[in-house]
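Q: Sequence first, then the predicted structure:
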Amino acid sequence: MGIQHLRRSPISATVDFDAHGVQHGFLRLPYSRDDSAWGSVMIPVTVVRNGEGPTALLTGGNHGDEYEGPAALFDLARRLVADEVRGRVIIVPAMNYPAFLAGTRTSPIDRGNMNRSFPGRPDGTVTEKIADYFQRVLLPLADVVLDFHSGGKTLDFLPFCAAHVLADQAQEAKAFEYVSAFGAPYSMKMLEIDAVGMYDTAAEEMGKVFITTELGGGGTATARSIGIAKAGVANVLKAAGILKGSAAPAETIWLDMPNGDCFAFAEDGGLIEPMVDLGDQVEAGDVVARIYPVGRTGAAPSEICAKMSGILCARHFPGLVKAGDCVAVIAVVVG
Ligand SMILES: [Zn+2]
């Protein structure tokens, strides 16, 4: 930890996280620019507190082109009343707010990918300043953290809630209790391609109970996928004892991503022909997609094969693919 961590965050909240009742306000981040000399980024935030109890930190829009989280959390923020709550709920529907407004995965200001920017910097870029605020102000307040994701414009997922395998088994078990309570159609023991700089990792290293989702993708959301998000967040708040009642999770199918063989990447660019759809069973060696070179007719497509057996849980979404793109993700059904 360098001297940067002694510096105060430039972000100021217009809400008081210790006050009781419902407050709707902003995390205000000064951002001086051509069209606003003393301007700010105004990130919407809601805090609902009633008495003593656990704190849930609920976030969407970590990536700006994923919509189930923002839709469920803007809805929750306007509905939640203090009398229903025991403890505290902090809601940030669009964490990377500039990216959310632009409809892009990363910030149009600094190209910052929020989920690769932790622990952030108080003297860094706009995205790094937001990450730093979560790292040093909001995460320490939280007992349970739920961060919504989907596939964005370039991936599409089977709807699942997920947690990671952790060194601390008690922390891991607690996280999977919350995954179970969320009650998405699928529940995942998730493997990350690259966990460095992730919000997930920051929360887990702080000892927090952290769960996440992938609920769809393609740069949109559906009535069904938003319904899963809304039901899931209510179940999580009940499981935490923050909302009254017990979680009523829907039936779920448990999935595992046991190792890196679950990922398939394109080695050529071109036109993609999916050979299986989300949820389909595949065997090791099966062709999951063909990639046609588009420069001329008559050329054979390259074939992307599954390295393991399981079901297709994620796929590349756009019709054109580039070398290096993640084409398919296979998960093993474990229960
Ligand atoms: Zn995401």
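A: That came through, no problem.

Q: can you pull out the helices in this structure?
A: With DSSP state H as the definition, the chain shows helices at residue ranges 68-79, 97-102, 126-133, 169-182, 199-205, 223-239.

Q: Please tabulate those in TSV and include mean neighbour count as additional columns.
A: (C-beta placed from N, C-alpha, C; glycine too.) Written out in TSV, the entries for those read as follows (neighbours: other Cβ atoms under 10 Å):
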stretch	mean neighbour count
helix 68-79	21
helix 97-102	21
helix 126-133	25
helix 169-182	18
helix 199-205	21
helix 223-239	21
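
Q: Switch these over to a markdown table; also include distance to residue 142 and mean pLDDT.
A: Putting the helices of the chain into a markdown table (distance: least, Cβ to Cβ, whole Å; pLDDT from 0 to 100) gives the following:
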| stretch | distance to residue 142 | mean pLDDT |
| --- | --- | --- |
| helix 68-79 | 15 | 98 |
| helix 97-102 | 19 | 98 |
| helix 126-133 | 13 | 98 |
| helix 169-182 | 13 | 98 |
| helix 199-205 | 8 | 97 |
| helix 223-239 | 12 | 98 |
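
Q: Give me the buried positions along stretch 152-172.
A: 152-164, 166, 171-172 (16 or more other Cβ atoms under 10 Å).

Q: quick check, nearest of the residues you listed to residue 310?
A: Minimum separation from residue 310 among the buried residues of stretch 152-172 (Cβ to Cβ) is found for residue 158, which lies at 11.3 Å.

Q: got the contact list for the closest one?
A: Counting by Cβ atoms under 8 Å, 6 or more residues apart in numbering, residue 158 makes contact with 185-186, 214, 278-279, 311-314.

Q: all strands for the stretch 201-335 of the chain, in order.
A: Secondary structure of the stretch 201-335 of the chain (DSSP state E, counting those that start in this stretch): strands located at 209-214, 253-256, 263-265, 270-274, 281-282, 287-292, 302-305, 310-316, 320-321, 326-333.

Q: most neighbours per residue, which of the ones you listed?
A: Burial among these, expressed as mean neighbours by mean count of other Cβ atoms under 10 Å, is greatest for strand 209-214, which shows a mean of 28.

Q: So which bits of this protein are right by the ion?
A: Near the ion, the residues belonging to the chain are 63, 66, 149 when assessed by Cβ under 5 Å from the ion.

Q: what's the nearest residue to the second one if we skip its chain neighbours?
A: The shortest distance from residue 66 to any non-neighbouring residue, by Cβ to Cβ, 6 or more residues apart in numbering, is to residue 150 (4.0 Å).

Q: got it, and the first one?
A: Taking Cβ to Cβ, 6+ apart as the measure, residue 63 lies nearest to residue 105, with 4.7 Å between them; neighbours along the chain are not counted.

Q: you'd agree the residue nearest to residue 66 is up against residue 222?
A: No - using Cβ atoms under 8 Å, residue 150 and residue 222 do not qualify as a contacting pair, with a distance of 10.4 Å.

Q: domains of this structure?
A: If you go by automatic domain parsing, the domain ranges for the chain are 3-256, 260-333.

Q: hang on, the earlier thing: could you point out which of the contacts of residue 158 is nearest to the ion?
A: For the contacts of residue 158, the closest approach to the ion (Cβ to the ion) belongs to residue 214, at 7.6 Å.
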